[in-house]
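I would like to see how this sequence folds:
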Amino acid sequence: MPHPASTSRASTASTTSGRLLVDWSTYPPIGHVIEGLQIAGAYAATNLGLAVSLALPYRSPLELAECCDFLDAVYPVAFDPTDKGYPADPYANVPRDFEWTFRCYRRDNPAERAQFPHLARLSDAAAAHFTAPGDAPGLPFRSEQHLRLRLPAQARQDADRILAPRLGSGPVLAVLPSGGGQRANYPSTGSWLLMLRELRTAWPNATIILLGKTAGAHGRRSSAIPQQEAAELIAAVDAVDGYDLPLLVQLALIERSALLLSPHSGFSFAALAIGTPWLALSGGAWFEYFHNGVPFHSLLPDTTRFPSFGGAHRTEDDDGTGTREASMTRQRIEETISELLEAATDLIEARRDYEECLAAYFPRLLSALGGDRSALASWDRVHERFIGA
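As a prediction, the model looks like this:
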């Protein structure tokens, strides 16, 4: 996972004049946007006086950029790798005359180019449009600069209005039951009912919020769990219905929460960017690699029994609901409940700080990867501080 060349975490900011464009116009989902915002924010924090702009795909959640006061400008780029056609000039509305550009490395990945052939054309278009090289040579960059989004007052007011009549004496627990992948990537409705009922039993006075969006809501990628299944979960534990609310209102609800419980999802990266602890139901194709200075816990599967990471590992779910990722089956969920409740307690009661969470996580992740250090990666290579390169 390449990153900008960095200075020490302890280094002081330098005074740098000029303009930088972080070209993060490769993919539109939330998690990729958060990554681009983190890089832009790190450059801005390291180089006082530098005007930092960000280029994003036109279908991405551009409102996230509005929560970042370190940005000089945001430029929508007419590109989506899933579009059948290709625009004549995707950068037509982006200035050319930046002193530095830093371009997303993923568009040059051979495997991703094979999956999305237009990525190569986007890379060529960037090279033709900008005179500055795409790796911001000579521009200092401080690693592990944590991103914090500043949500607008209206989103917070809307969240308060939604929560006010439902608040109990217990914690607020936000739950995102799926990301935007295929339904088989996530637990069945029955498995989620098990987890939610255990949370309700452990915290009977908690306010539980269920989050997500259905197909077509706000013109973006939908959650794998449709509204009908979400409604069943909401009714079973008397949860607050957070489905299909605007993105920033959902984030404002998470901001009021003691934790977010979810499978691996880029949306959860945004939760970390507003400072809410993440309890990740880990498994599937990706392990958790983005942490951002906030306490977290990954419920890692026993990968010798529930294969995970690096691709699909489908099997028949033992609850009779069909084919599912091995790490999301009912048997795996049942075996995870005790750790889930213990980890939730730790996060709610703030028993571990961020550094302690990192130190606990990476040795467990390395074990889940079969001891293969080459398979291990993290944003800003933070794992190297705990287990080496």
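
now the lengthiest helix in the chain - C-alpha only, PDB.
For the chain, the helix with the greatest residue count under DSSP state H is helix 330-348. Extracted in PDB, the C-alpha atoms of helix 330-348 (Å, rounded to 0.1, in the frame of the first residue of the first chain):
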ATOM      1  CA  ARG A 330     -24.200 -18.400  11.800                       C
ATOM      2  CA  GLN A 331     -21.600 -20.800  13.500                       C
ATOM      3  CA  ARG A 332     -18.900 -18.100  13.400                       C
ATOM      4  CA  ILE A 333     -21.300 -15.500  14.700                       C
ATOM      5  CA  GLU A 334     -22.400 -17.700  17.600                       C
ATOM      6  CA  GLU A 335     -18.800 -18.300  18.500                       C
ATOM      7  CA  THR A 336     -18.000 -14.500  18.400                       C
ATOM      8  CA  ILE A 337     -20.800 -13.300  20.800                       C
ATOM      9  CA  SER A 338     -18.700 -13.500  24.000                       C
ATOM     10  CA  GLU A 339     -15.800 -11.500  22.500                       C
ATOM     11  CA  LEU A 340     -18.300  -9.100  20.900                       C
ATOM     12  CA  LEU A 341     -19.900  -8.200  24.200                       C
ATOM     13  CA  GLU A 342     -16.500  -8.000  26.000                       C
ATOM     14  CA  ALA A 343     -15.100  -5.700  23.300                       C
ATOM     15  CA  ALA A 344     -18.200  -3.600  23.300                       C
ATOM     16  CA  THR A 345     -17.900  -3.100  27.000                       C
ATOM     17  CA  ASP A 346     -14.200  -2.100  26.600                       C
ATOM     18  CA  LEU A 347     -15.100   0.500  24.000                       C
ATOM     19  CA  ILE A 348     -18.100   1.900  25.800                       C
END
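
from the chain's centre, how far out does that helix sit?
In terms of C-alpha atoms, centre = their mean, to the nearest Å, the centre of helix 330-348 is set 21 Å apart from its chain centre.

try stretch 303-321
22 Å.

cool, and stretch 303-322?
Distance, stretch centre to chain centre, for stretch 303-322: 22 Å (C-alpha atoms, centre = their mean).

buried stuff in that stretch?
For stretch 303-322, burial by neighbour count (16 or more other C-beta atoms under 10 Å) applies to 303, 306-309, 313-315, 317, 319, 321. From N, CA and C alone the C-beta is placed, and that goes for glycine too.

restricted to strands, list the residues you listed.
Applying DSSP state E to those, the entries found in strands are 314-315.

any idea which of the buried residues of stretch 303-322 is closest to G168?
D319 (30.3 Å; C-beta to C-beta).

with adjacent residues omitted, what lies nearest to that closest one?
R330 (3.9 Å; C-beta to C-beta, 6 or more residues apart in numbering).

quick check: mean pLDDT of the longest helix of the chain?
The predicted model gives helix 330-348 an average pLDDT of 98.

can you list the buried residues in that helix?
330, 332-333, 336, 340-341, 343-344, 346-348.

sorry, back to before: residues contacting the residue nearest to D319?
187-188, 190-191, 194, 317-319 (C-beta atoms under 8 Å, 6 or more residues apart in numbering).

hmm, back to that, in a markdown table, list the buried residues of stretch 303-322 along with distance to L247.
Listed next are these as a markdown table, based on distance: C-beta to C-beta, whole Å:
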| residue | distance to L247 |
| --- | --- |
| T303 | 33 |
| F306 | 32 |
| P307 | 33 |
| S308 | 28 |
| F309 | 28 |
| H313 | 31 |
| R314 | 30 |
| T315 | 34 |
| D317 | 31 |
| D319 | 32 |
| T321 | 29 |
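
now the contacts of R330 in a markdown table, with pLDDT and distance to E229?
Below are these laid out as a markdown table (pLDDT from 0 to 100; distance: C-beta to C-beta, whole Å):
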| residue | pLDDT | distance to E229 |
| --- | --- | --- |
| P187 | 98 | 11 |
| S188 | 98 | 9 |
| G190 | 98 | 10 |
| S191 | 98 | 11 |
| L194 | 98 | 14 |
| D317 | 98 | 15 |
| D318 | 94 | 19 |
| D319 | 97 | 14 |
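
picking up where we left off before, what's the closest of the buried residues of stretch 303-322 to F287?
For the buried residues of stretch 303-322, the nearest to F287 is F309 (5.3 Å; C-beta to C-beta).

please tell me I have it right and that closest one contacts L366.
No - using C-beta atoms under 8 Å, F309 is not in contact with L366; the gap is 11.8 Å.

direction included, what does the worst-scoring helix or strand of the chain on mean pLDDT pair against?
Here the helix or strand of the chain ranked lowest by mean pLDDT, DSSP states H and E is strand 14-23, holding a mean of 90. Applying DSSP bridges, strand 14-23 is found paired with strand 47-57 (parallel), strand 100-103 (parallel).

what about the stretch 1-150 of the chain, any weak spots by pLDDT?
1-3, 5-12 (pLDDT under 70).

swap in 90 and give it another go.
1-17, 82, 88, 105 (pLDDT under 90).

could you do the stretch 151-300 of the chain as well?
168, 180, 214-223, 226-228.

if we can go back for a sec, ok, so of the contacts of R330, who is nearest A92?
Checking the contacts of R330 one by one against A92 (C-beta to C-beta), the nearest turns out to be P187, at 43.7 Å.

give me every residue that touches the nearest residue to that closest one once chain neighbours are set aside.
Spatial nearest neighbour of P187, excluding adjacent residues (C-beta to C-beta, 6+ apart): M328 at 4.8 Å. Contact partners of M328, counting by C-beta under 8 Å, 6+ apart, are 184-187, 191, 263, 281, 283-284, 317.

make a markdown table out of those residues and add secondary structure.
Below are the contacts of M328 laid out as a markdown table (DSSP: H, G, I helix; E, B strand; the rest coil):
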| residue | secondary structure |
| --- | --- |
| A184 | helix |
| N185 | helix |
| Y186 | coil |
| P187 | coil |
| S191 | helix |
| P263 | strand |
| L281 | strand |
| G283 | strand |
| G284 | coil |
| D317 | coil |
